[in-house]
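Asks: using only what follows, build the 3D model:
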Amino acid sequence: MIPERTQRFDEVVDVVDWKAPDGHEFVYAEGSRAKRLLICPDPAPFAFLRPGYRYLLKESSHRYPEQFWVEILAYRLGCAMGVPVPPAFVAVDSRNGICAALIEWFYDEPQRYVSGGEYMKRLIKDYDYKTGRQHNFEVIALRCRVFQRQGLLPSDWSVHWARVLVLDSLMGNTDRHQDNWGVVWGRFDGRMEGRLSPAFDNGTSMAHEIRNQDLAGFTRDSKRLAAYVRRGRHHMKWRQADTQRLGHGALLARYCGTYAAARPLMLDCLSFRADAIERIVLGLKDVDVAVPLSVERAEFMLQLLAFRRERLLQELTDTL
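Replies: Numbers count the residues shown, from 1 in each chain. From the prediction side, this is the model:
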């Protein structure tokens with residue numbers, strides 16, 4: 001468990017008066033959804049916010065208006081599972097009526113962040129940055145082992161990846177591409193070294209692309225739901241030479257086959273109480289904003305989490 005900075009249902013953050021770092025409107029260009037980098041006022045409007053700190057206001061895709069809720073759910077799930085995820089809160093901009101996730105920046109100045117894509121380009125000749133088709137875990141592990149031998153990365157890097165991958169698998173994340181992980185370089189515990197980034201950018205998860213009017217077809221038909229889950233693939237392949245990306249459960253099984261200590265850790269991450277997750281999800285629908293989390297989607301999220309969790313537990317125990 002990671003202690004959660006709790007945002008109550010009546011504590012929606014209005015960023016209407018928040019400023020960009022340089023005093024001018026700053027739009028963060030990476031990714032497909034509109035984002036703005038903002039500074040929390042000092043004093044902060046709520047206790048769960050860090051005064052004077054950077055936050056990313058991240059909107060939904062115009063096609064999927066409830067998508068921003070997935071970022072907030074990912075943070076709360078991460079706390080329950082013991083997976084590092086940047087804090088994410090419900091926010092609005094009352095000037096233009098926008099509802100969005102307000103995501104805390106995951107590194108401080110003067111720390112420096114290097115994206116996974118930079119390492120992929122250095123290690124893989126002619127790396128296809130646009131499609132990320134060569135993105136694979138064996139190269140990531142090679143880079144992490146080199147940094148560890150050089151004393152630049154803690155020895156628990158494989159534990160970190162085990163946690164991130166089990167969260168991705170539970171949520172059905174298909175977008176952990178080369179720019180959705182990286183290394184933060186700075187002074188930690190009195191020495192200069194790197195730390196793997198938390199599991200950020202989680203919005204392409206939780207069947208966000210299924211329209212509300214279509215959700216009932218999945219909730220009533222378990223075979224249709226199972227087929228949807230089976231089709232899901234993680235963004236990264238296991239090896240560069242592989243022709244296909246693995247399904248989420250298969251990726252976890254492959255990981256455990258390589259890193260034996262990962263299996264009990266993953267099982268522990270999935271050992272959360274069902275009623276705790278129910279409180280997390282159903283509590284979100286009580287937040288009163290212009291784009292609420294609908295009852296139908298909240299209930300579908302619960303069903304999807306329960307279904308995926310059961311499948312993952314089965315795959316992790318069947319391969320013992």
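Asks: isn't residue 161 up against residue 176?
Replies: No. Under the criterion of C-beta atoms under 8 Å, residue 161 makes no contact with residue 176, lying 10.3 Å away. No exception for glycine: its C-beta is placed from N, CA and C like everyone else's.
Asks: more neighbours: which of those two?
Replies: Neighbour tally, residue 161 and residue 176, criterion other C-beta atoms under 10 Å: the higher count belongs to residue 176, 24 against 20.
Asks: how about that one, secondary structure?
Replies: Counting by DSSP: H, G, I helix; E, B strand; the rest coil, the backbone at residue 176 sits in coil.
Asks: that one: what's it in contact with?
Replies: Counting by C-beta atoms under 8 Å, 6 or more residues apart in numbering, residue 176 makes contact with 164, 168, 199, 234-236.
Asks: possible to save the residues you listed as a markdown table with neighbour count?
Replies: Shown next, in a markdown table, are the contacts of residue 176 (neighbours: other C-beta atoms under 10 Å):
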| residue | neighbour count |
| --- | --- |
| 164 | 23 |
| 168 | 26 |
| 199 | 28 |
| 234 | 23 |
| 235 | 17 |
| 236 | 26 |
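Asks: mind listing which of those are in helices?
Replies: Helix and strand membership here follows DSSP state H; of those, those in helices are 164, 168.
Asks: among the contacts of residue 176, which one lies nearest to residue 295?
Replies: Taking C-beta to C-beta as the measure, residue 295 lies nearest residue 168 of the contacts of residue 176, at 26.4 Å.
Asks: give me the nearest residue to the closest one, chain neighbours excluded.
Replies: Ranked by C-beta to C-beta, 6 or more residues apart in numbering and with sequence neighbours excluded, the top spatial neighbour of residue 168 is residue 176, at 5.4 Å.
Asks: now do the strands in the stretch 101-250 of the chain.
Replies: For the stretch 101-250 of the chain, the strands identified by DSSP state E, counting those that start in this stretch occupy 112-115, 182-188, 191-196, in order along the chain.
Asks: make TSV from those and add mean neighbour count, mean pLDDT and distance to residue 82 to it.
Replies: Compiled in TSV, the strands of the stretch 101-250 of the chain are given as follows (neighbours: other C-beta atoms under 10 Å; pLDDT from 0 to 100; distance: least, C-beta to C-beta, whole Å):
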stretch	mean neighbour count	mean pLDDT	distance to residue 82
strand 112-115	14	97	23
strand 182-188	17	96	19
strand 191-196	17	95	15
